[in-house]
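*Asks:* Attaching a predicted model along with its sequence, questions to come.
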Amino acid sequence: MNAFRLIRSARRSLSLSVQPDGTLLVRAPYLMSRSHIDSFVASKQSWIDKTLEKWKKANANSHREYLHIGSSIKLEGRTYSLATAPVRKPLVEGCQVLLPASFEEESRRLAPLQLDEKLRQTLAGFYRAHAREVLPPLVEETAARHGLRHSGVGITSARTRWGSCNSRNHLNFSWRLMMADPECIRYVVCHELAHTVHHNHSRQFWQLVGDICPGHEEARRRLKQLGRELLHTGW
């Protein structure tokens with residue numbers, strides 16, 4: 001479900017590239033249908049994933065700040081600061097995400113990059129667990145309300161896709177989606193459920209998305225911005 005910038009011109013073929021700022025750019029002939037363009041982009045998903053991953057690695061260190069105790073992170077669109085407490089695993093308390101007290105010692109002992117990597121690994125598990133709590137019930141509720149069916153829900157570590165739906169209608173969502181606000185999370189759920197009916201990005205697909213998620217355009221815009229932020233901050 002990669003967002004992309006589309007430029008039409010007097011050309012005969014399609015082209016796909018990743019721009020210096022990480023934007024996915026598609027160039028297409030004036031009269032080519034959007035469904036054909038979407039299918040082309042979908043067919044290049046493996047290349048997109050690999051290329052964006054290379055771009056992220058090449059640009060991450062110049063933009064990101066190393067995580068440390070006191071850093072801010074996002075959870076369901078809200079900002080929380082990292083703190084330590086006598087807890088066994090990360091948990092939310094007020095406006096903080098509490099980490100095991102051992103991180104206090106780690107913050108003094110480890111180099112900034114090492115601490116950053118350890119914090120991200122721990123927080124990845126935290127986000128994944130949160131996604132397992134939030135997403136399956138939301139998928140079930142949304143599917144039941146609109147008469148849609150799926151074959152299961154999985155949580156992945158995908159960096160370039162918020163969600164996906166395979167040919168068996170199994171839905172996958174990246175744990176990174178938990179950083180988005182609730183409206184954006186709901187939009188991605190609706191988007192992937194719509195793929196259980198239309199396995200493309202045709203006009204009919206977008207009509208269904210609009211029916212089950214009115215006002216989704218604004219959520220798509222915010223997700224695109226969040227995606228840029230996560231790439232630039234090393235997530």
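*Replies:* In hand now; what should we look at? Residues are numbered from 1 along each chain as shown.
*Asks:* tell me what the strand or helix carrying W55 is packed against?
*Replies:* Taking DSSP states H and E as the criterion, W55 maps to helix 45-63. Packing contacts for helix 45-63, counted by 3 or more CB pairs under 8 Å, 6 or more residues apart in numbering; DSSP states H and E, involve strand 15-18, helix 216-232. Using the backbone N, CA and C atoms, a C-beta is placed for each residue, glycine as well.
*Asks:* Most tightly packed of the ones you listed?
*Replies:* helix 216-232 (a mean of 16; mean count of other CB atoms under 10 Å).
*Asks:* residue nearest the centroid of this protein?
*Replies:* Computing the C-alpha centroid of the chain and ranking residues by CA atoms, centre = their mean puts W162 first, at 3.2 Å.
*Asks:* contacting residues around that residue?
*Replies:* Applying CB atoms under 8 Å, 6 or more residues apart in numbering to W162 gives the contacts 1, 173-174, 176-177, 180, 188, 223, 227.
*Asks:* How about D116?
*Replies:* Neighbouring residues of D116 by CB under 8 Å, 6+ apart: 66-68, 234.
*Asks:* go on, D38?
*Replies:* The contact partners of D38, by CB under 8 Å, 6+ apart, come to 200-202.
*Asks:* What about those residues, which one has the most neighbours?
*Replies:* Within these, neighbour counts (other CB atoms under 10 Å) peak at H201, which reaches 20 neighbours.
*Asks:* Surely I212 and H191 touch.
*Replies:* No - using CB atoms under 8 Å, I212 is not in contact with H191; the gap is 9.3 Å.
*Asks:* More neighbours: which of these two?
*Replies:* Applying other CB under 10 Å to I212 and H191 shows that H191 carries more neighbours, namely 26 against 20.
*Asks:* any idea how far that one is from H201?
*Replies:* Taking CB to CB, to the nearest Å as the measure, H191 falls 10 Å from H201.
*Asks:* and what of W47?
*Replies:* 17 Å.
*Asks:* Report the residue ranges of every domain in the protein.
*Replies:* With domains defined by automatic domain parsing, the chain comprises 5-63, 72-232.
*Asks:* Let me see the mean pLDDT of the last one.
*Replies:* Looking back up the chat, that one is domain 72-232. For domain 72-232, mean pLDDT is 94.
*Asks:* one step back: pick the one among the contacts of D38 closest to T156.
*Replies:* When the contacts of D38 are compared for distance to T156 (CB to CB), H201 wins out at 20.4 Å.
*Asks:* Got the phi and psi for I155?
*Replies:* Note on I155: its backbone torsions stand at phi -110, psi 130 [degrees, to the nearest 10].
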